[in-house]
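In: sharing a model prediction with you, sequence too.
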Amino acid sequence: MTLTTPTLITERLRLRPFTDADSDDVYALHSDAHVLRYWDSPPWTDRARSEQFVARSRAMAEEGSGARLAIELGTDGTFVGWCSLSRWNPTYRSAALGYCFGETAWGHGYATEAARAVLAWAFGTLDLNRVQAETDTRNLASARVLEKLGFQHEGTLREDCVVDGVVSDSWVYGLLRREWPDGQ
């Protein structure tokens, strides 16, 4: 089943399908060790990874497994990150939320704004009942984003990731349809 990746407009952002032109921005984001310090894989060192990422973004939509959107500032089109809805399961009416933003975008509320738009689309269009998200327990900023969106902390995945020899835990968050206020 194909899933059409939407273009979503918020007060300050434009979320849109990825294009080949995004490869350099994606590489800059995912090769930044500071940005990826809480990620579940090490920073990229191979530029081909960004082309694979963009291709995989298209494949997610074609397979019907999710939608990954590039995020740019509405004022000037500057790429600031991405947000995704993955592991979409229409039978279980569930999916997973993910996002990644460059350091210059931190602290401006962009993650909350973008994720809110994706969640509104997901609950409204895909008839989801549950959305799950995970974050490294050291990433308090990401945990705050999820909590602002209404996600509930559901548990801890102990020693969930090992990246470059560093072992870390992940928090699991869940948001149910009945907890998502209409018009948010």
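Out: Arrived safely, thanks for sending. On a predicted model such as this, the values are computed, not experimentally measured, just so you know. Numbers count the residues shown, from 1 in each chain.

In: for the helix or strand that contains Ala95, C-alpha coordinates in CSV please.
Out: Per DSSP states H and E: Ala95 is located in strand 94-101. Listed next in CSV are the C-alpha coordinates belonging to strand 94-101 (Å, rounded to 0.1, in the frame of the first residue of the first chain):
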residue,chain,number,x,y,z
SER,A,94,0.0,2.3,15.3
ALA,A,95,3.2,4.0,14.2
ALA,A,96,6.4,5.4,15.6
LEU,A,97,7.5,9.1,15.7
GLY,A,98,11.1,10.2,15.1
TYR,A,99,12.9,13.4,14.4
CYS,A,100,16.4,15.0,14.1
PHE,A,101,17.3,18.6,14.1
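
In: need the residues that contact that strand.
Out: 29-30, 35, 39, 66, 71, 80-89, 110-111, 114-115, 118-119, 122, 126, 128-134, 145, 175 (CB atoms under 8 Å, 6 or more residues apart in numbering). From N, CA and C alone the C-beta is placed, and that goes for glycine too.

In: from Leu97, how far out is His108?
Out: Using CB to CB, to the nearest Å, His108 is found at 19 Å from Leu97.

In: quick check: which ranges of this protein have low pLDDT?
Out: Residue ranges of the chain with pLDDT under 70: 1, 182-184.
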